[in-house]
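A.B. asks: Fold the following, please.
(2 chains)
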Amino acid sequence: MSASPHHHDGSTPLDPAAEDVAPVGARALDDATRLLRDQPPHPRAVEIADQVLQRSLRTPRPAELVRGRGTMSFLRVSSLVLVERLREHVDSHLDGGAVGRVLLDVERDGRLDAVTIELLVRYGSDILVLGDRTRRLAAEALTQTLGAAADGTEPVTMAVSHVHVSDVTVGDPHLVDPSDE
Amino acid sequence: MSDEGEATADVAAATQQALARRAGLGDRVAYEELFRRLFPSTYRFALRMLDHEAALADDAVQEAWVKAWRGLPDFRGTSSFSTWLFSIVSREALEVRRRRRPVAVNSEILEPIIDRSTHRAAASQDPAQSVLAAELWETLNLALLELPWRQRASWLLRELEGFSYDEIARVLDTTPGVVRGQLHRARRTLAIRMEQWR
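C.D. replies: Numbering: from 1, shown residues only, chains lettered A, B, ... in the order given. Presented below is the predicted three-dimensional model:
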């Protein structure tokens, strides 16, 4: 066996590893690794996939209740539903920008005080236009979900923060993330 | 194209990071796509880490995907989604193994055993042992079972999932240098086993 110097953490340095010790075995290992890599999915993985998927989707996420508005004030909506509706509505109507994060500021009595939407913006897009459009879309989503305010005004502070502007996506931000590029 | 059709085409073209972001915001279609892409790999990893005991692997991946769904709103994309996911699977597999096996087995305990077999392999030139080899990949399967936990995890993540040293280090909560050492020892042991059984 070749003597390999050990570091203080017990690891060995670089990797003439197997070849030095067992050259025939190293070649067999390469062949066997390729075979292993090409194996089809384990039958059990196919059998239980749907069960695992459904069970995970049924698992509740932490959430709070948000009070409906105006004539809908009796209504309580989960913050999870609200976030998903906001994302879905903004994402499906906004070109050049995608929702990165949604933060809800909910008062103790369940009143929604503010919404902050972080946007990922495609390189070359007009950020101010996207911001205004996002505010309008978010207001629509809130009205659809919580009802209209009694006096017709918009009582929720709508903040759209353009995060990742210095780290914009080149591709469609609905399909890629800044960390992909 | 229908809305549903558009959504399906949309998620199919999206990267894992984009899907994870959307799934964190409650997009179930995006989550289902992530699941479709990664579940077979997570199951394969758990099964091999748990000595091919399907019942244990079932438990580990079930818990891992439940935790992934719950944790996705807090996933910030500072690591790749698959790295984050496999770190959960790895922890769950270890937890399942601890629950079922009261005797902890770690690299340090097993190392002398591997060293002893290394000496035997070096000393033995008996070709009769070689003809006992079954299919090549079966031999590797058996050899993998002998590897200590971290070595096996490092090797599987590197060779089957294609992770970098940095990514493996994140999954196993260690450093790339340690991963390098684990992989070195794993490859050496596997190569010796392959040669011995060939």
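
A.B. asks: from here on, contacts and neighbour counts on C-alpha atoms
C.D. replies: Will do.

A.B. asks: next one: phi and psi at residue A:101?
C.D. replies: In terms of degrees, to the nearest 10, the main-chain angles of residue A:101 are phi -160, psi 150.

A.B. asks: tell me the pLDDT at it?
C.D. replies: With respect to pLDDT, residue A:101 scores 90.

A.B. asks: I figured it was touching residue A:91, is that so?
C.D. replies: No: counting by C-alpha atoms under 8 Å, residue A:101 stays clear of residue A:91, with 11.5 Å between them.

A.B. asks: Need the overlap of contacts for those two.
C.D. replies: By C-alpha atoms under 8 Å, 6 or more residues apart in numbering or on different chains, residue A:101 and residue A:91 have no common neighbours.

A.B. asks: what's the least confident helix or strand in chain A, going by average pLDDT?
C.D. replies: Comparing every helix and strand of chain A by mean pLDDT, DSSP states H and E singles out helix A:17-21 as the least confident one, with a mean of 59.

A.B. asks: which other helices and strands contact the helix or strand that that helix is followed by?
C.D. replies: Sequence-wise, the next helix or strand downstream of helix A:17-21 (DSSP states H and E) is helix A:23-37. Under the contact criterion of 3 or more C-alpha pairs under 8 Å, 6 or more residues apart in numbering or on different chains; DSSP states H and E, helix A:23-37 touches helix A:17-21, helix B:136-146, helix B:176-197.

A.B. asks: can I get the CA coordinates of helix A:23-37 in PDB?
C.D. replies: In PDB, the C-alpha atoms belonging to helix A:23-37 read as follows (Å, rounded to 0.1, in the frame of the first residue of the first chain):
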ATOM      1  CA  PRO A  23      -5.200  -0.600 -10.400                       C
ATOM      2  CA  VAL A  24      -7.300  -3.400 -11.600                       C
ATOM      3  CA  GLY A  25      -9.900  -2.700  -8.900                       C
ATOM      4  CA  ALA A  26      -9.900   1.000  -9.800                       C
ATOM      5  CA  ARG A  27     -10.800   0.200 -13.400                       C
ATOM      6  CA  ALA A  28     -13.500  -2.300 -12.300                       C
ATOM      7  CA  LEU A  29     -14.800   0.400  -9.900                       C
ATOM      8  CA  ASP A  30     -15.100   2.800 -12.700                       C
ATOM      9  CA  ASP A  31     -17.100   0.300 -14.800                       C
ATOM     10  CA  ALA A  32     -19.300  -0.700 -11.900                       C
ATOM     11  CA  THR A  33     -20.000   3.000 -11.000                       C
ATOM     12  CA  ARG A  34     -21.200   3.600 -14.600                       C
ATOM     13  CA  LEU A  35     -23.500   0.700 -14.300                       C
ATOM     14  CA  LEU A  36     -24.800   1.900 -11.000                       C
ATOM     15  CA  ARG A  37     -25.400   5.400 -12.300                       C
END
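
A.B. asks: what comes up buried for it?
C.D. replies: By neighbour count on 16 or more other C-alpha atoms under 10 Å in any protein chain shown, the buried set for helix A:23-37 is A:23, A:24, A:25, A:26, A:27, A:28, A:29, A:32, A:33, A:36.

A.B. asks: Thanks again, I'm all set now.
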